[in-house]
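>>> Sharing a model that was predicted from the sequence below.
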Number of protein chains: 2
Amino acid sequence: MTTARGKTAATNRLLARLPDPDRRRLLGKSIAVQLSATDVLYERGKRIREVYFPTGGSISLIATLHGHDKLQVGLVGDEGMLGTSLVLGVAIAPSLALVQDCGTAWQIDAAAFREELECSVALRSCLQRYVHVVMCQSAQTVACTRFHVVEARLARWLLMTRDRAHSDHFHSTHESLASILGVRRAGVTHAAGSLQHQQLIRYSRGDITVLDHHGLEACACACYVANQDTYARVMN
Amino acid sequence: MTTARGKTAATNRLLARLPDPDRRRLLGKSIAVQLSATDVLYERGKRIREVYFPTGGSISLIATLHGHDKLQVGLVGDEGMLGTSLVLGVAIAPSLALVQDCGTAWQIDAAAFREELECSVALRSCLQRYVHVVMCQSAQTVACTRFHVVEARLARWLLMTRDRAHSDHFHSTHESLASILGVRRAGVTHAAGSLQHQQLIRYSRGDITVLDHHGLEACACACYVANQDTYARVMN
DNA sequence: GGTTTTTCGTGGGGCACCGTACAGACCACG
DNA sequence: CGTGGTCTGTACGGTGCCCCACGAAAAACC
């Protein structure tokens, strides 16, 4: 309910878990960058040149099927990182990564990141655990996308984005939501209209406000809570 | 087309990539086990006690949604391994793993496996790459499950299982296929009937024979080839 | 201030698949 | 040889979403 505009010092939750020396050494090799909406950070199959630790905003991981259909397969904010492949020693991006909600991030050169991985046991351990979380969530998403109706999946997306925006207010049109959920634009209009009718959200021309996130949770599929649990269980 | 019943010395393709000394040391700590159909190797959320390197047969990774709906999210044979989580330092299984097609595997105690991971750079590198492959395939599966029709997904599954069985003949009822694909049993009957009508497969009471795998590939979604490409590209 | 662009609402016809149910065919077992 | 269990074929009404399309309203641009 709180809009959380307290502008807490921008941090990344993965980096926050590192011992001070390790984090400091990593940040020493990093630069703070601004991520603007629709920026393309990775393209599927292409080389990963930098990794990112978001400290605000969110990045969408998108799968494309032979050019036409698109679908979001992951959403990364300050709870995660971009470039998990490098943690596994592969410098190829598995999917398109584009900025959904503008924000900031720590950017590190791929080679420098690899060096740090070698040096820091804590970094390796932390990021490998995160990769595991991503794999679990990915499996969950397969089933979710198959079985759950658009309205529930939309509610889940709204909650996830809200968490990463640290705000009840963010931006996304029905059109882009359709591509995220892998449905028609009209399908989103219908589902969003229903949520608005239930007084759970309010939106107008791309401006979305979450009015009642508890109500939204009730509307969303259990995948939202399941993913949160996975993160908490594995990372602690 | 060849039934490949040549019973080539049972090997695991991941282990085959290791330098001789590393592989020998790992196998020294392993035992050969028989996997029987419907054996449960892992349960979601529970501790992983052993890892497996299949040398025959196939194991199904299954996501369950709040008890009811089931769906296969991965299929592992002699091209892969079970227990990828341990490669990431997590001893918790992300999904249910049960034997689909009986066969054999090398089994290694989790602790011993961890030791080997520490020792062998080649093992680490190889398995981390494999984890990356799994992540890519998982992303593909999300989109596939969302967009592709049952017949195409069934065809893909038949091809994948055929590859892992190293045979055009294997066993699975419409009922179990329904749970794998996340559709009704009647839906499988319909799709399988269509494939049989096209002379691509023949089946009877659970016995499935692939008659024309090139024709099946034409029927299957591009995800089959895409996953093969991913494996080849990343592992080489 | 008028025109274009973006965003959202809505409608009709169609398709893939669902839930359920029943019946025939084949196999195993006593 | 009969009986029961397993596996498969099929049918019917219903639903969620598709494709296509048109219209309205708000914002952006000149």
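All right, it came through fine. All values derive from a computational prediction rather than experimental measurement. Numbering: from 1, shown residues only, chains lettered A, B, ... in the order given.
>>> So which residues of chain A form strands?
For chain A, the strands defined by DSSP state E occupy A:30-35, A:40-42, A:50-54, A:58-65, A:69-76, A:96-101, A:103-109, A:169-171, A:201-204, A:207-210.
>>> Tabulate the CA atom coordinates of the fourth one in CSV.
Coordinates of the C-alpha atoms in strand A:58-65 are reproduced here as CSV (Å, rounded to 0.1, in the frame of the first residue of the first chain):
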residue,chain,number,x,y,z
SER,A,58,13.3,-4.0,-14.2
ILE,A,59,14.5,-6.0,-17.2
SER,A,60,12.4,-8.4,-19.2
LEU,A,61,13.8,-11.7,-20.5
ILE,A,62,11.9,-12.6,-23.7
ALA,A,63,11.7,-15.7,-25.8
THR,A,64,10.9,-15.4,-29.4
LEU,A,65,9.6,-18.2,-31.6
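>>> Can it be said to contact DNA strand D?
No: using Cβ under 7 Å from any atom of the strand, strand A:58-65 stays clear of DNA strand D, coming no nearer than 11.8 Å. The way it works is simple: take the backbone N, C-alpha and C, and place the C-beta from them, glycine included.
>>> what comes into contact with that strand?
A:35, A:41, A:44, A:52, A:70-77, A:82, A:95-101, A:103, A:161, A:164-165, A:179-180, B:139-140, B:142-144, B:147, B:222-223 (Cβ atoms under 8 Å, 6 or more residues apart in numbering or on different chains).
>>> partners of that strand in the sheet?
Looking at strand A:58-65 with DSSP bridges, its partner strands are strand A:69-76 (antiparallel), strand A:96-101 (antiparallel).
>>> Give me the distance from the shortest one to the chain's centre.
With Cα atoms, centre = their mean, to the nearest Å as the basis, strand A:96-101 stands 9 Å off its chain's centre.
>>> Quick one: mean pLDDT for that strand?
For strand A:96-101, the mean pLDDT works out to 93.
>>> Next, the angle from that strand to strand A:50-54.
Strand A:96-101 runs at 30 degrees relative to strand A:50-54, counting by axes from the mean of the first three to the mean of the last three Cα atoms, to 10 degrees.
>>> Can you lay out the strands paired with strand A:58-65 as JSON lines showing mean neighbour count?
Formatted as JSON lines, the strands paired with strand A:58-65 follow (neighbours: other Cβ atoms under 10 Å in any protein chain shown):
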{"stretch": "strand A:69-76", "mean neighbour count": "22"}
{"stretch": "strand A:96-101", "mean neighbour count": "22"}
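>>> Including distance to DNA strand C, could those go into JSON lines?
What follows is the strands paired with strand A:58-65, written out as JSON lines (distance: least, Cβ to the nearest atom of the strand, whole Å):
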{"stretch": "strand A:69-76", "distance to DNA strand C": "14"}
{"stretch": "strand A:96-101", "distance to DNA strand C": "14"}
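>>> the longest helix in chain A is where?
As assigned by DSSP state H, the longest helix anywhere in chain A is helix A:121-147.
>>> buried ones in that helix?
A:123-124, A:126-147 (16 or more other Cβ atoms under 10 Å in any protein chain shown).
>>> Wait, residue A:107 touches residue A:29, no?
No: counting by Cβ atoms under 8 Å, residue A:107 does not reach residue A:29; the two are 9.9 Å apart.
>>> most packed of the strands of chain A?
strand A:50-54 (a mean of 25; mean count of other Cβ atoms under 10 Å in any protein chain shown).
>>> you'd agree residue A:17 is up against residue A:236?
No: counting by Cβ under 8 Å, residue A:17 does not reach residue A:236; the two are 9.4 Å apart.
>>> ok, the two, which is more surrounded?
Between residue A:17 and residue A:236, residue A:17 has the larger neighbour count (other Cβ atoms under 10 Å in any protein chain shown), namely 18 against 7.
>>> so who does that one touch?
A:122, A:126, A:235.
>>> cutoff 7 Å now
With contact set as Cβ atoms under 7 Å, 6 or more residues apart in numbering or on different chains, residue A:17 has these partners: residue A:126.
>>> pLDDT wise, what is it at?
For residue A:17, the predicted pLDDT is 95.
>>> And for residue A:93?
Reading off the model, residue A:93 has pLDDT 95.
>>> Need phi/psi at it.
Dihedral angles of residue A:93 (phi, psi; degrees, to the nearest 10) stand at phi -80, psi 130.
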